[in-house]
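1. Need coordinates for the following:
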Amino acid sequence: MAAPDAKTFDFLTGAEGDYMGVVMSQLADVPWAKPLIGDIEAAGGLKGENKAKLFELRFGNELHAAGIQPQYEVPGEAKSTIDYGFSAGGTDFLVEMMRLEETDAVKAATTTEEFEDGAVMFARHLHSNAEDPRQTPEGETLKAVERICQKLEDGGKPHKFPPPAGKTHVLLVDFRAFKNGGDIWDRLHVALAGDKVPPFFRHYYKGRLITGVFDPKTSLKGAAEARERLHFVGFVNEKAYQDGSFGPAIQFVANPNLFKTDEEAQAALAGWPLGTPDIINARPKKTPEHLQEIADAMSGMTVGEGAELSQMLKHKWGLRS
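-> Numbering: from 1, shown residues only. The predicted structure is shown next:
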């Protein structure tokens, strides 16, 4: 395995490489996986430069483990292709995948310190007061929005996803290199807008609040296509590399321009095959704990007792029968 570039923290770890070696061996004769594995091997195999393709293969492997035989590189808008097409739980999915690789600005913010004993320490600290505004958390947030939007546009025309027509469109984003994986507020900020997160977590670039992929105020190339054609952005922050670990590493943000209610968004991902999807802006509403306790306590009542209780409550509340 090649040595990592000293300027990057985004290298192929031993854990990821070891796991993907096993996956490639297991899928070597699976029809949909052959061209993808062939591309990886032709480009040097298990090395950092192939992390995007390895990311694709990891997702496909999880589908395979779930009993799904996906199509790889299905036709998309114009002459483009979409990484995966498959059906699950009565829903047809189109899934495109992308990596947010380390930006040049982040690499430039990496410092090196050499010690007398020959040891070398690399450090990186992005802060809002950096001389170069690109080398800031704000700059990284804006760049992430820009790169995701660009996935949906090419040469001034729509790219990848066609207009919605009965299929659920998902863009899975490898978020590991963004602020060490980011957090829930980063996902909401990038996908929706700064005004959708608490004030403390809002980012401004050159004095302007940064808008998100699905925000109608975003005028970046591809933003309009994202609002019109993309149902979900799934942010993937893998912390382990083993069977079954990919699905729980995803947090989805639903496109509010395409769903009127949380229930509509939940229904669009109801067939998702990698576990129950976490849609962070459309999570099911939880029953208050005290009401659940009352319901549990009343579960043993007879119908007659329930009717009597109903009359008692109406009387207590001053309601007419």
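2. could you show me where the strands are in the stretch 201-321 of the chain, in order?
-> 204-205, 208-209, 232-236, 250-254 (DSSP state E, counting those that start in this stretch).
3. which residues are in contact with the second one?
-> Read that as strand 208-209. For strand 208-209, contacts defined as CB atoms under 8 Å, 6 or more residues apart in numbering pick out 193, 194, 195, 202, 203. Backbone N, C-alpha and C define where each C-beta goes, glycine included.
4. try 7 Å
-> For strand 208-209, contacts defined as CB atoms under 7 Å, 6 or more residues apart in numbering pick out 194, 195, 202.
5. and it, what's its mean pLDDT?
-> Averaged across strand 208-209, pLDDT comes to 94.
6. Tell me the strands beside it, with direction?
-> In the sheet, strand 208-209 lines up against strand 204-205 (antiparallel) (DSSP bridges).
7. picking up where we left off before, do you know which of the strands of the stretch 201-321 of the chain lies nearest residue 153?
-> Shortest separation from residue 153 across the strands of the stretch 201-321 of the chain is recorded for strand 232-236, at 15.3 Å, computed as CB to CB.
8. Pipe the strands of the stretch 201-321 of the chain into CSV and attach distance to residue 136 and mean neighbour count per row.
-> Output for these, formatted as CSV (distance: least, CB to CB, whole Å; neighbours: other CB atoms under 10 Å):
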stretch, distance to residue 136, mean neighbour count
strand 204-205, 8, 15
strand 208-209, 14, 12
strand 232-236, 20, 25
strand 250-254, 23, 23
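9. Can you tell me which of those strands is nearest to residue 35?
-> strand 232-236 (22.2 Å).
10. Just checking: what are the partner strands of that closest one?
-> Checking strand 232-236 against DSSP bridges gives partners strand 168-174 (parallel), strand 250-254 (antiparallel).
11. hang on, the earlier thing: which among the contacts of strand 208-209 end up buried?
-> 194, 202 (16 or more other CB atoms under 10 Å).
12. Contact partners for residue 86?
-> Contacts were defined as CB under 7 Å, 6+ apart; by that measure residue 86 touches 63, 68, 70, 71, 93.
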